[in-house]
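J.: Model the structure of this input:
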Amino acid sequence: MEKKDLRIVYMGTPDFAVESLKRLVEGGYNVVGVITMPDKPMGRHQETLQPSAVKKYAVEQGLRILQPVSLKDPEFIEELRSLQADLQIVVAFRMLPEVVWNMPPMGTFNLHASLLPQYRGAAPINWAVINGEKETGITTFFLKHEIDTGAVIQQVRIPILETDNVGDVHDKLMMLGGQLVTDTVDRILEGTVKAIPQEEMAPGTELKPAPKIFKETCRIDWEHKNLEQLYNFVRGLSPYPAAWTELLRAEGEKPVVMKIYQTAKEPAAHTLKTGAVCTDGKSYLKIAVDGGFLVLQEIQMAGKKRMPVTDFLRGARIDENYFVV
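T.: Okay, here's the model as predicted:
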């Protein structure tokens, strides 16, 4: 079969999924339908509907779009079946029922932003950076019942640099993912795929999960994390959703929420209480932690814009009586 004859249904929602769809369209592959999330109500009164990044691109390209509320809806299942897909591709979408992933004769494969079997779950890029990994990558694998556990088709590895935040790694993997998706389709067309069961890839290795990240997940634990862990935690949540803490001057005062986007490490021995603020009030702001000081470089106070710490200090009166919790 030629690629122009291979009927592909593509499923995805956020920016990460646009690059792979774009590569398929520009590469002359036959995308007969795009499945994405329903438009999201936005605004104070939820009066504005915001389409997904994938929908915006699909509309520009004149592709057929389906936006089911439920993937088990009988009308959606029939409409999907009518597309007569040979192959389905999933990139940053949601869990599929078997009636959907088992529909096309060539199967359904997923692009996952980790080196499976490590970091199965909703936030693999965040957790790889938070955990201080030195490398990560992307994987294509065939879907089966248990989420992120299907046989691996291909993987590409990349280093995580000491200065990378999750946004940097996301963008690198997004671009590599577009290429890997088309390479995987080509291998399926050529009949050269030899998918490897994940249980054969890392026998005896402890698997690290990548669960969904919630607001409370992003709260900084000053007491139980050391300097290196805190540095990685901030960059693993930057620029989104962002690590946060509370800044206050004295017990009983109302704390102010502070998001932290960028830091530097200053290893040192000290006798200060964990969470103590050290500052000259104009050029630096750092927090005493286990192993030294976490130097704050870019922050956002509640109700304010994101800004360099030097700009914040020019407009705020912060002294060494402050601390974070």
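
J.: Counting neighbours, what do you get for residue 122?
T.: 16 (other CB atoms under 10 Å). Heads up, the C-betas are built off the backbone N, CA and C, glycines and all.

J.: Pull the contacting residues for it.
T.: Each residue near residue 122 by CB atoms under 8 Å, 6 or more residues apart in numbering is listed here: 210-213.

J.: after the helix or strand of the chain with the lowest mean pLDDT, next one along is what?
T.: Taking mean pLDDT, DSSP states H and E as the measure, the helix or strand of the chain with the lowest value is strand 40-42, at a mean of 89. The helix or strand immediately downstream of strand 40-42 is strand 48-50, counting by DSSP states H and E.

J.: Identify the neighbouring strands of that next one in the sheet and state each direction.
T.: strand 40-42 (antiparallel) (DSSP bridges).

J.: Identify the residues contacting the partner strand?
T.: Taking CB under 8 Å, 6+ apart as the rule, strand 40-42 contacts 47-50, 52.

J.: got a pLDDT number for residue 251?
T.: We have a pLDDT of 70 for residue 251.

J.: if we can go back for a sec, among the contacts of strand 40-42, name the buried ones.
T.: residue 52 (16 or more other CB atoms under 10 Å).

J.: could you redo the contacts of strand 40-42 as a markdown table and give each row distance to residue 272?
T.: Output for the contacts of strand 40-42, formatted as a markdown table (distance: CB to CB, whole Å):
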| residue | distance to residue 272 |
| --- | --- |
| 47 | 50 |
| 48 | 48 |
| 49 | 51 |
| 50 | 46 |
| 52 | 47 |
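
J.: ok, so of the contacts of strand 40-42, who is nearest residue 30?
T.: residue 52 (21.9 Å; CB to CB).

J.: show me the contacts for the closest one.
T.: 13-14, 36-37, 39-40.

J.: Neighbour-wise, which one of those residues leads?
T.: So for these (other CB under 10 Å), the most neighbours sit at residue 36, 25 neighbours.

J.: Residue 155 is in what secondary structure piece?
T.: Per DSSP H and E: strand 152-159 holds residue 155.

J.: who's the closest residue to residue 266 other than its chain neighbours bridged to?
T.: Spatial nearest neighbour of residue 266, excluding adjacent residues (CB to CB, 6 or more residues apart in numbering): residue 293 at 4.2 Å. Beta-bridge partners recorded for residue 293 (DSSP bridges): residue 266, residue 288.

J.: and residue 142, what are its phi and psi?
T.: Dihedral angles phi and psi of residue 142 (degrees, to the nearest 10) take the values phi -80, psi 140.

J.: I'd say it and residue 195 touch.
T.: Yes: with contact defined as CB atoms under 8 Å, residue 142 reaches residue 195; the gap is 5.8 Å.

J.: intersection of neighbour lists for the two?
T.: In contact with both residue 142 and residue 195: 150-151, 153, using CB under 8 Å, 6+ apart.

J.: where in the stretch 201-325 of the chain is pLDDT low?
T.: In the prediction, the stretch 201-325 of the chain carries no residues with pLDDT under 70.

J.: in it, which spans are strands?
T.: 243-248, 256-267, 277-279, 285-289, 292-301, 307-308, 323-324 (DSSP state E, counting those that start in this stretch).

J.: now the stretch 1-150 of the chain
T.: Under DSSP E, counting those that start in this stretch, the stretch 1-150 of the chain gives strands at 7-12, 30-35, 40-42, 48-50, 65-66, 87-91, 108-112, 135-142.

J.: in its sheet, what does the longest one sit against?
T.: Applying DSSP bridges, strand 135-142 is found paired with strand 108-112 (antiparallel), strand 152-159 (antiparallel).

J.: Likewise for the fifth one?
T.: The strands beside strand 65-66 in its sheet (DSSP bridges) come out as strand 30-35 (parallel).

J.: circling back: mean pLDDT lowest where, among the strands of the stretch 1-150 of the chain?
T.: Across these, strand 40-42 gives the lowest mean pLDDT, at a mean of 89.

J.: Return the distance of that strand from the chain's centre.
T.: 21 Å (CA atoms, centre = their mean, to the nearest Å).

J.: got it, and stretch 54-61?
T.: Distance, centroid of stretch 54-61 to centroid of chain: 21 Å (CA atoms, centre = their mean).

J.: Which residues belonging to it are considered buried?
T.: 54-55, 57-58.

J.: any idea of the angle the top helix by length along the chain forms with strand 256-267?
T.: Counting residues, the longest helix found in the chain (DSSP state H) is helix 166-190. Interaxial angle of helix 166-190 relative to strand 256-267 (axes from the mean of the first three to the mean of the last three CA atoms, to 10 degrees): 80 degrees.

J.: Deepest-packed of the strands paired with strand 135-142, please.
T.: Most buried of the strands paired with strand 135-142, by mean neighbour count (mean count of other CB atoms under 10 Å): strand 108-112, with a mean of 25.

J.: No further queries at this time; thank you.
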